[in-house]
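Participant: sequence and predicted model, in that order:
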Amino acid sequence: MDRALDAARRSFASVRTGRATPSLVDRVVVDYFGAPTPLNALAGVSAPDAGTVLIQPYDQSSIAVIEKAISQSDLGITPANDGRVIRLSVPPLTADRRKEMGKTVSKLGEEGKVAVRNVRKAAMKAVDGLLKAGDVSEDAHKALSKAVQDLTDAHVKEVDELVKKKQAELAKV
């Protein structure tokens, strides 16, 4: 469940809030010689100022495919290529874009909750297996089930708090 929560945190970090950060391009995947490759494996990514993300490919011949992948991503930013580096100018968010990003954050939060619930499902299956095998008593089964549910509830609450925090960050102008 902690790993599902960490994955949700990484997803939220890649949602743009009007400030340029290298994590904006974490979810961008480039088709590099026929293999889907994360952008940060192909290039150095930095944010020299609050409005620009600078991408320096390790292999200069990959600039075109990196630029294409960024254009096709859901970032909503047009890349500028000068032959050696790619610059992404992060414009301030409009009210409509903030609403759209808020919906994206809600969707990512729901995906995080589903991941936590999937872990709960697997844990409950294991607990039920222990009961069937006779390794635990009925009382111990109930106690284990309650502990798994309490842990799930705590993680779902944490995901909800992350969603609220990110939406509040998006609402700031």
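Facilitator: Perfect, I can see it now. Residues are numbered from 1 along each chain as shown.
Participant: Gly109 versus Val25, what's the distance?
Facilitator: Using C-beta to C-beta, to the nearest Å, Val25 is found at 21 Å from Gly109. (Each C-beta comes from the backbone N, C-alpha and C, glycine too.)
Participant: which one of those two is surrounded by more residues?
Facilitator: Between Val25 and Gly109, Val25 has the larger neighbour count (other C-beta atoms under 10 Å), namely 26 against 22.
Participant: for Asp160, see how far away the more buried one is.
Facilitator: For Val25, the distance to Asp160 equals 27 Å [C-beta to C-beta].
Participant: centre of the chain to the helix or strand where Glu161 lies, how far?
Facilitator: Secondary-structure element containing Glu161, defined by DSSP states H and E: helix 138-171. Relative to the chain's own centre, helix 138-171 is displaced by 18 Å; criterion: C-alpha atoms, centre = their mean, to the nearest Å.
Participant: packing partners of that helix?
Facilitator: Helices and strands in packing contact with helix 138-171 are listed as helix 2-13, helix 95-133; criterion 3 or more C-beta pairs under 8 Å, 6 or more residues apart in numbering; DSSP states H and E.
Participant: kindly present those as JSON lines, with separate columns for distance to Leu75.
Facilitator: As requested, those are exported to JSON lines (distance: least, C-beta to C-beta, whole Å):
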{"stretch": "helix 2-13", "distance to Leu75": "13"}
{"stretch": "helix 95-133", "distance to Leu75": "11"}
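Participant: is it true that Ser106 touches Val163?
Facilitator: Yes. Applying C-beta atoms under 8 Å, one finds Ser106 in contact with Val163, separated by 6.3 Å.
Participant: more neighbours: the two, which one.
Facilitator: It is Val163, of Ser106 and Val163, that has more neighbours when counted by other C-beta under 10 Å, with 21 against 13.
Participant: skipping adjacent residues, who's closest to the more buried one in space?
Facilitator: On the basis of C-beta to C-beta, 6 or more residues apart in numbering, the spatially nearest residue to Val163 that is not a chain neighbour turns out to be Gly109, at 3.7 Å.
Participant: contacting residues around stretch 131-139?
Facilitator: With contacts defined as C-beta atoms under 8 Å, 6 or more residues apart in numbering, stretch 131-139 is touched by 127, 130, 141, 144.
Participant: separation between Val53 and Leu24?
Facilitator: Between Val53 and Leu24 the distance, using C-beta to C-beta, works out to 6 Å.
Participant: what sits in contact with each of those two?
Facilitator: Shared contacts of Val53 and Leu24, counting by C-beta under 8 Å, 6+ apart, come down to 88, 90.
Participant: per-residue pLDDT, Val173?
Facilitator: At Val173 the predicted local distance difference test score is 59.
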